[in-house]
Structures are given as structure tokens and as C-alpha cells.
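Any chance you could fold what I've pasted below:
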Amino acid sequence: MITLNETLLIACGGIRNIYQHPENSKICIKVDLNSKGPAAGSTLAEARLFEKLMNQRGQKEFSAISNYRGSVETSLGFGATY
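Okay, here's the model as predicted:
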């Protein structure tokens, strides 16, 4: 599990926060702000879409969109790495 805290916070959005990975400054982690409500699960849904694209097309690199690196469990819940 990756421990996230306020010192790693890069940006706050309407439905999720973005944190710098504590062990690799070139990676960021997106985490949902809330576990309940209409936007809950947005990060997981986005991660599943990237995984589907990677499996269907065999792509590992995305030049026009964020480069999805996989999912991680964090102290704040499910996280997607980019």
C-alpha cells in the first residue's frame, strides 16, 4: 500500500486529487475525492478504460493522452498511476 499525504498533493480537481508518487517523482497517482456520490468510482472507471484499450490494441504508450501505468492501493483508496 502506498501512503499518500498533503505534502504529495499536486492538484485538486472536482472529482479527484492528484498526488506525486512517494517513491518516483515522475509518476502521479489519481485518487477519487469521495467514495460515495455520483462521481465515486471515476478513477476506477478510467483505469478500466485504459486497461481495455491496452488489451484491445496492445498499446503500452499513449502519445495523445495520459500514459496509464496501472492501479495501486493507497491509504486514500484505489489509485491509478500515470
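
Stretch 15-32: end-to-end distance?
Using Cα to Cα, to the nearest Å, the end-to-end distance of stretch 15-32 comes out at 6 Å.

who does the helix or strand of the chain with the lowest mean pLDDT touch, helix- and strand-wise?
For the chain, scoring each helix and strand by mean pLDDT, DSSP states H and E identifies helix 42-57 as the least confident one, at a mean of 81. Where contact means 3 or more Cβ pairs under 8 Å, 6 or more residues apart in numbering; DSSP states H and E, helix 42-57 is packed against strand 28-32, strand 77-81. Every residue, glycine included, has its C-beta placed from N, CA and C.

Could you rerun that using 10 Å?
In terms of contacts (3 or more Cβ pairs under 10 Å, 6 or more residues apart in numbering; DSSP states H and E), helix 42-57 is packed against strand 16-20, strand 28-32, strand 70-74, strand 77-81.

In TSV: these, plus mean pLDDT and distance to residue 49.
Output for the helices and strands packed on helix 42-57, formatted as TSV (pLDDT from 0 to 100; distance: least, Cβ to Cβ, whole Å):
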stretch	mean pLDDT	distance to residue 49
strand 16-20	96	15
strand 28-32	95	13
strand 70-74	93	12
strand 77-81	94	10
